[in-house]
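Undergrad: here's a sequence, model it:
(one chain, ligands or ions: 1)
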Amino acid sequence: MIRKFATIEQASRVAVKHIISLAQEAVLDKGFCTIVMSGGSTPQLTYTLLGEPAYAGQMPWQQSHFFWGDERWVAFTHQDSNYAMIQKAFLSKIHVPLQNIHQIPTGNSSPEAGAKIYETHLRDFFQANPLAEMKNIEEEITVPSFDLALLGMGTDGHTASLFPGSDILEEKKKWVAAVPEGLGSPPVARITLTLPVLNLARNILFLIAGSRKREILDTILTRPEEAKELYPAARIKPSGNLVWLVAEKS
Ligand code: 6PG
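TA: You can find the predicted model right below:
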């Protein structure tokens, strides 16, 4: 489903309501929810709104677990940190139990080490919380199923830190992968969830803004096979629901 808006504010208010209703539904269903947060600038207003009294009161914070879809290889206090962006937007304003905040570690010896540590953390979480289903998508791999994954799309069609032409797009086993520096903006090394994990989310919500992405989005929606070869965002084909919220102006 795609919904178009004139402004990012209109799209963000719909996104917040979507997040809240999916979180409430998951908590009613199994007692907790698992949400993968997107980085970048587009979702910032959504996150800020989520922390505002008008919305915050509806969110089941104590039962909500926050994960990151990707992270830049910078300190948590760095201005480019996706964790820092979300910390500023609402984690600093709302009491979320520390054990519910599952940030991607960036203080280790290398992005590869950080990716391994995060994958182990995810495995431990999903094994400790069996109601947060894991599904066997192929003989040898079982993959976690998040209740909601929030995603953005770059002007090159990347999503999370899955960039065009990257070998990681073909990754079938790892849940988390390290991304070499030089890609994206900022061009730092990164850590990202892989397509098998993102595509098993029960709900995916893309939040996209700005006319510069319109052409890519049109290709993804109208010529998916062609788009798949060009744009990682086109490879997001969840087994669950996929919603695009598109704002004309960012
Ligand atoms: C990141 C994000 C990334 C983002 C896109 C779009 O770490 O940069 O996770 O995947 O969603 O780059 O970013 P904007 O929404 O800021 O255009």
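Undergrad: wait, does whatever helix or strand L207 lives in contact the ligand?
TA: Following DSSP states H and E, one finds L207 within strand 203-209. No: counting by Cβ under 6 Å from any ligand atom, the ligand has no neighbours in strand 203-209; the shortest distance is 6.9 Å. Glycine gets a C-beta too; all of them are placed from N, C-alpha and C.
Undergrad: can you tell me which residues contact G40?
TA: When contacts are counted by Cβ atoms under 8 Å, 6 or more residues apart in numbering, G40 is found next to N82, G152, G154.
Undergrad: do the same with V197
TA: Neighbouring residues of V197 by Cβ under 8 Å, 6+ apart: L122, V143, P144, F146, W175, V176.
Undergrad: which residues of the protein lie near the ligand?
TA: Close to the ligand, as judged by Cβ under 6 Å from any ligand atom, the chain has residues 38-42, 69-70, 72, 82, 152-154, 158-161, 184.
Undergrad: out of the residues you listed, which are inside helices?
TA: If you go by DSSP state H, the residues of the chain next to the ligand have N82 in helices.
Undergrad: pull out the buried residues from the residues of the chain next to the ligand.
TA: 38-40, 42, 69-70, 72, 82, 152-154, 158-161, 184 (16 or more other Cβ atoms under 10 Å).
Undergrad: can I get the contacts of G40 in TSV with pLDDT?
TA: Formatted as TSV, these follow (pLDDT from 0 to 100):
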residue	pLDDT
N82	98
G152	98
G154	97
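Undergrad: looking at those residues, which is nearest the ligand?
TA: Checking those against the ligand with Cβ to the nearest ligand atom, the nearest one is G152 at 2.4 Å.
Undergrad: doesn't F206 make contact with that closest one?
TA: Yes: using Cβ atoms under 8 Å, G152 is in contact with F206, at 7.1 Å.
Undergrad: need the residues touching each of the two.
TA: Taking Cβ under 8 Å, 6+ apart as the criterion, G152 and F206 both touch T159.
Undergrad: which two of the buried ones among the residues of the chain next to the ligand have the greatest separation?
TA: Across those, no pair lies farther apart than R72 and M153, at 16.9 Å, counting by Cβ to Cβ.
Undergrad: which elements pack onto the top helix by length along the chain?
TA: Ranked by residue count under DSSP H, the longest helix found in the chain is helix 8-30. On a contact count with 3 or more Cβ pairs under 8 Å, 6 or more residues apart in numbering; DSSP states H and E, helix 8-30 meets strand 2-7, strand 33-37, helix 44-50, helix 53-56, strand 148-151, strand 203-209, strand 241-249.
Undergrad: wait, T34 sits on L150?
TA: No: in this structure, T34 is not within contact of L150 by Cβ under 8 Å, at 11.9 Å.
Undergrad: state the distance from K172 to M153.
TA: For K172, the distance to M153 equals 22 Å [Cβ to Cβ, to the nearest Å].
Undergrad: ok, now Q99?
TA: 31 Å.
Undergrad: what about T142, which SS state?
TA: strand (DSSP: H, G, I helix; E, B strand; the rest coil).
Undergrad: surely it and N136 touch.
TA: Yes: applying Cβ under 8 Å, one finds T142 in contact with N136, separated by 4.7 Å.
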